[in-house]
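> Provide a 3D model corresponding to the input given below.
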Amino acid sequence: MTVLHALWLPILLSSVFVFLASSVIHMVLPWWHNSDALKVPNEDKVMDAMRPFAIPPGDYMVPRCSSMQEMRTPGFKEKMNKGPVVVMTVLENGNPGIGKSLVLWFLYLVVVNVFAAYMSCHALPIGAAYKQVFRFAGATSFLGYSAALWQFSIWYRRSWVTTIKSTIDGLVYCGLTAGTFGWLWPR
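Predicted structure coming up:
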């Protein structure tokens, strides 16, 4: 068994590599994720119609029932049939900047890579072969980078195309993580 603290370098370095790769994907290849969010028809009118409600930042469903019993009522069924049926996230007004999101993204990468290190170090000895390390670190980091996204397409009807593109991004990220772990695994 390998000790977790011996993997601090692959944890941090793979986080940096994935951070850089995600920056390339989103800044150098903007066409890849351009269609992830669609523009609503008559955007200005929709915004003008919503503005008086001053909806605070948060996640919302419309219509939203308060219980399973209400879900079965004719009134709620009519609302669902009449539409629109919406799942939305309301952000703060203004340009929020990207700094906070980038810091949180990097911290998330470190967390995913700590789990990859944790699983790998409990499964593999010091001096394990590159291929073994790649397999364990890759599979674990794939779960953190990609598999968790699928539930949004399952439950909230997020576009499967968007989820598949993000899963492909995650495959790139887990390849970088697995390769870094395999390269820097303690000998």
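> Which of the residues in the host helix or strand of residue 16 are classified as buried?
Here residue 16 sits within helix 8-23, counting by DSSP states H and E. Residues of helix 8-23 classed as buried: 10-11, 13-15, 17-19, 22 (neighbour count, 16 or more other Cβ atoms under 10 Å). Quick note: C-beta positions are derived from backbone N, CA and C, even for glycine.
> Equivalent analysis for stretch 60-67, please.
Buried residues in stretch 60-67, counted by 16+ other Cβ under 10 Å: residue 63.
> again with stretch 22-32
22, 25.
> quick check: mean pLDDT across it?
For stretch 22-32, the mean per-residue pLDDT is 93.
> distance between the ends of that stretch?
12 Å (Cα to Cα, to the nearest Å).
> cool, and stretch 25-34?
Terminal-residue distance, stretch 25-34 (Cα to Cα): 11 Å.
> burial measure for residue 88, as a count.
Other residues lying near residue 88 total 12 when counted by other Cβ atoms under 10 Å.
> Provide the secondary structure category for the residue nearest to it when sequence neighbours are not counted.
Ranked by Cβ to Cβ, 6 or more residues apart in numbering and with sequence neighbours excluded, the top spatial neighbour of residue 88 is residue 60, at 5.3 Å. At residue 60 the chain is in strand, as set by DSSP: H, G, I helix; E, B strand; the rest coil.
> just checking, residue 60 touches residue 53?
No - counting by Cβ atoms under 8 Å, residue 60 stays clear of residue 53, with 10.7 Å between them.
> mind giving me the domain ranges of the chain?
The chain breaks down into these domains under automatic domain parsing: 4-37+96-184, 43-90.
> middle-most residue in the protein, spatially?
residue 149 (5.6 Å; Cα atoms, centre = their mean).
> separation between the residue lying farthest from the centre of the chain and residue 65?
Each residue of the chain has a distance to the centre, and by Cα atoms, centre = their mean the biggest one is for residue 74: 36.5 Å. Note on residue 74: its distance to residue 65, by Cβ to Cβ, to the nearest Å, is 13 Å.
> and what of residue 37?
26 Å.
> Same question for residue 113.
40 Å.
> With residue 80 instead?
From residue 80 to residue 65 the distance is 9 Å (Cβ to Cβ).
> Residue 35 now?
Taking Cβ to Cβ, one finds residue 35 at 31 Å from residue 65.
> sorry, back to before: contacting residues for the residue nearest to residue 88?
Residue 60 makes contact with 86-90, according to Cβ atoms under 8 Å, 6 or more residues apart in numbering.
> tally of neighbours for residue 83?
So residue 83, with other Cβ under 10 Å, has 9 neighbours.
> host element of residue 174?
Using DSSP H and E, residue 174 sits within helix 160-184.
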